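Engineer: what's the 3D shape of this:
(one chain, ligands or ions: 2)
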Amino acid sequence: MTKNQLTITRPDDWHLHLRDGEALTSVAPFTARQFARAIIMPNLNPPITTVIQAVAYLDEILAAVEGYDFEPLMTLYLTDNTPPEEIIAARKSCFIKGMKLYPAGATTNSDAGVTDIRLCDATLEAMQKAGLPLLIHGEATAPQIDVFDREKVFIDETLLPLTQRFPDLKIVFEHITTKEAADFVSQAGDNIAATITPQHLLLNRNALFQGGLQPHNYCLPVLKRDIHQQALLKVIRSGSNKFFLGTDSAPHSKNKKESACGCAGIFSAHAAIEIYTSIFEQQGALDKLEAFASFNGPDFYGLPRNKTTVTLHKTDWEIPNTYPLGDEKLVPFLAGQTINWKLAETAATPQ
Ligand code: NCD
Ligand code: ZN
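Structural biologist: Ligands and ions are numbered 1, 2, ... in the order given. Alright, predicted model coming up:
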């Protein structure tokens, strides 16, 4: 291996939005060419709340990635009314790997989300018993809370009490954005981990306003100030096994992003592993990339590490301005910018 080439165990994406219908067909191959597996978010409209619905969605995803060696890891959308029996069914299914908690109103398609986590206690008890992880969108949603404080308030008001009520519940604190979240996870037990997106490592909230309003840098949780970005970078340099790759790649059409009321979500699946590689290199932490991208996630979920590898070459390439999204277009993360690592085409790509 030279410094112009890097081979790592094939990575997985532990937080991904694939959508359905034509959008799914457009975006799924971007993920399948790099990642062996991905945790699939259930926030469709209507959401995937039952194992029966997840089977149908799994079939649709498998059709969209035909020819790729890619395994979707499905999740169910937790509601106030998810019965404990659904957890037994999820565990029996073998392909449901977690339950997703969206506080009601927190983000895209979260209207059916949980209004008060204590309403879910019987179901959380069943999850704790079954070892089925709770994947948390950790933002408090009360309208008076400042949007930049929502993660911190969620930790204090919801997450901390939750971990006290269910000390053995496996929890993934998704797409963490703050020093408070990084500290919380670092200090928690082995049953609590977190995913980190490329945008929260690469950008801070200045990127929302650089030279004018930048809708393609808008996602939820929203980008935070520099000290929080620095805290996340410190975490990845530390090599802690409690943090792993989760892109939160969330495609929306160009029209829906560039609108009077623009949607939250950044699409990064077109270059995810390449962007993470550039970030780790820039941090002098390339030796920590493989654990973050390929080991810590499966170890936490109790799944085997992948056996195949991917190779990246140090080559400049320009990210296109748009990609197709069904009949429409999407603007990818870092559109038009040059990136300095490129994934080699592999046997995972259909010929
Ligand atoms: C996600 C989406 O569009 O589905 N958007 C986002 O900004 N991340 C929802 C989510 O994960 O919050
Ligand atoms: Zn998400």
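Engineer: and the stretch 51-200 of the chain, which residues reach ligand 1?
Structural biologist: Taking Cβ under 6 Å from any ligand atom as the test, the list of the stretch 51-200 of the chain residues beside ligand 1 reads Thr107, Thr108, His137. From N, CA and C alone the C-beta is placed, and that goes for glycine too.
Engineer: these two touch, right, the last one and Met99?
Structural biologist: No - taking Cβ atoms under 8 Å as the definition, His137 is not a contact partner of Met99, at 11.9 Å.
Engineer: helices or strands up against the strand ranked longest in the chain?
Structural biologist: The strand spanning the most residues in the chain, taking DSSP state E as the definition, is strand 309-318. For strand 309-318, the contact count by 3 or more Cβ pairs under 8 Å, 6 or more residues apart in numbering; DSSP states H and E identifies strand 5-9, helix 272-282, strand 338-343 as packing neighbours.
Engineer: ligand 1 is nearest to which of the ones you listed?
Structural biologist: Go through these one by one with Cβ to the nearest ligand atom and the one that ends up closest to ligand 1 is helix 272-282, at 14.0 Å.
Engineer: hang on, the earlier thing: run the chain-centre distance for the helix or strand following the longest strand of the chain.
Structural biologist: Following the chain from strand 309-318 toward its C-terminal end, the next helix or strand by DSSP states H and E is strand 323-325. Centroid separation between strand 323-325 and its chain, computed with Cα atoms, centre = their mean, to the nearest Å, is 20 Å.
Engineer: give me the mean pLDDT for the host helix or strand of Glu290.
Structural biologist: Under the criterion DSSP H and E, the helix or strand holding Glu290 is helix 286-290. If you average the pLDDT over helix 286-290, you get 98.
Engineer: so for that helix, what gets flagged as buried?
Structural biologist: Across helix 286-290, burial judged by 16 or more other Cβ atoms under 10 Å covers Leu286, Lys288, Leu289, Glu290.
Engineer: contact partners for the residue nearest to the first one when sequence neighbours are not counted?
Structural biologist: For Leu286, the nearest residue in space outside its immediate sequence neighbours is Phe280; the separation is 5.2 Å by Cβ to Cβ, 6 or more residues apart in numbering. Under the criterion of Cβ atoms under 8 Å, 6 or more residues apart in numbering, the neighbours of Phe280 are Ile236, Leu286, Lys288, Leu289, Phe292.
Engineer: cool, Asn241 as well?
Structural biologist: Residues Ala291, Phe295, Asn296, Asp299, Phe300 are the ones in contact with Asn241 under the rule Cβ under 8 Å, 6+ apart.
Engineer: what's around the residue lying closest to Thr107 once chain neighbours are set aside, how many residues?
Structural biologist: Taking Cβ to Cβ, 6+ apart as the measure, Thr107 lies nearest to Leu220, with 4.4 Å between them; neighbours along the chain are not counted. Residues lying near Leu220 (other Cβ atoms under 10 Å) number 21.
Engineer: the one 3 residues further on now?
Structural biologist: By the criterion of other Cβ under 10 Å, Leu223 has 24 neighbours.
Engineer: how confident was the prediction at it?
Structural biologist: Here, the pLDDT recorded for Leu223 equals 98.
Engineer: equivalent analysis for Leu233, please.
Structural biologist: Per-residue pLDDT puts Leu233 at 98.
Engineer: what's the answer for Gln351, then?
Structural biologist: According to the model's per-residue confidence, Gln351 sits at a pLDDT of 44.
Engineer: can you check Met1 too?
Structural biologist: Confidence score, pLDDT, at Met1: 49.
Engineer: among the buried residues of helix 286-290, which two are most distant?
Structural biologist: For the buried residues of helix 286-290, with distances taken as Cβ to Cβ, the pair at the greatest spread is Leu286 and Glu290 (8.9 Å).
Engineer: remind me which residues of this structure are low pLDDT?
Structural biologist: Low-confidence regions of the chain, defined here as pLDDT under 70, cover residues 1-2, 346-351.
Engineer: rerun at 50
Structural biologist: 1, 351 (pLDDT under 50).
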